[in-house]
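Student: Sequence and predicted structure, then a few things I'm wondering about:
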Amino acid sequence: MAQEADEITTVETHYFPEVLEHFDDHGHLIDPNTKFNIGCYICHVANLGLVNHASEQRSSLTHEPFAVLPRCGHAFGYQCIMGWLLLDINKKNPKCPACRKEVYSNKNSPEVFLIVGVSPPEEQHMEINAIRKSLRLKEPLSPPSQTGPAVWDFIRFAAMPHGP
Ligand SMILES: [Zn+2]
Ligand SMILES: [Zn+2]
């Protein structure tokens, strides 16, 4: 066989539909030789906390918790997107810094985006499945009537400590 079994594929994108192509329907990595070097759209540091746990340790110094906006699939460092949303908080409806799509799905969805990247290795497939599920939400946007409280509900949710 002429196949190069050890060839490494490096995934470098902040657009999560492209990331998800490297995981199967159960959220497990398809090719064990895949590496992730996923950057934040805002600060351009490629350190979002998605790693190939078989070959790489996730470090709190180099891999941040991150968030994927469910309306468009763009990924950001958690600190960066929270800072962005706080700047945008007095506007009618915050928009994705990458594509300007509105963040909210509707006024009844206080959880405006997913926080992921902090689960232990054996739970990574659940994060992947959750992201995939959220990105399949394709219903049309309806402007929220109470964007402020919804954002604050979300921030409280996101600030909850993650169990060990
Ligand atoms: Zn960033
Ligand atoms: Zn976007």
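Tutor: Noted; the coordinates are in hand. Ligands and ions are numbered 1, 2, ... in the order given.

Student: List the buried residues of stretch 47-57.
Tutor: Under the neighbour-count criterion of 16 or more other C-beta atoms under 10 Å, stretch 47-57 has 47-52 buried. Quick note: C-beta positions are derived from backbone N, CA and C, even for glycine.

Student: Among the residues you listed, name the ones in strands.
Tutor: Applying DSSP state E to the buried residues of stretch 47-57, no entry is found in strands.

Student: Relative to residue 118, which of those residues is nearest.
Tutor: residue 49 (6.7 Å; C-beta to C-beta).

Student: For stretch 63-70, output the C-alpha coordinates as PDB.
Tutor: The C-alpha trace of stretch 63-70 is given here as PDB (Å, rounded to 0.1, in the frame of the first residue of the first chain):
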ATOM      1  CA  HIS A  63      -6.600  26.300  24.600                       C
ATOM      2  CA  GLU A  64      -9.500  28.500  25.600                       C
ATOM      3  CA  PRO A  65     -13.100  27.800  26.200                       C
ATOM      4  CA  PHE A  66     -14.900  28.800  23.100                       C
ATOM      5  CA  ALA A  67     -18.300  29.500  21.700                       C
ATOM      6  CA  VAL A  68     -20.100  28.700  18.500                       C
ATOM      7  CA  LEU A  69     -22.900  31.000  17.300                       C
ATOM      8  CA  PRO A  70     -25.800  28.700  16.400                       C
END
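
Student: Since that was my last question, I'll sign off now.
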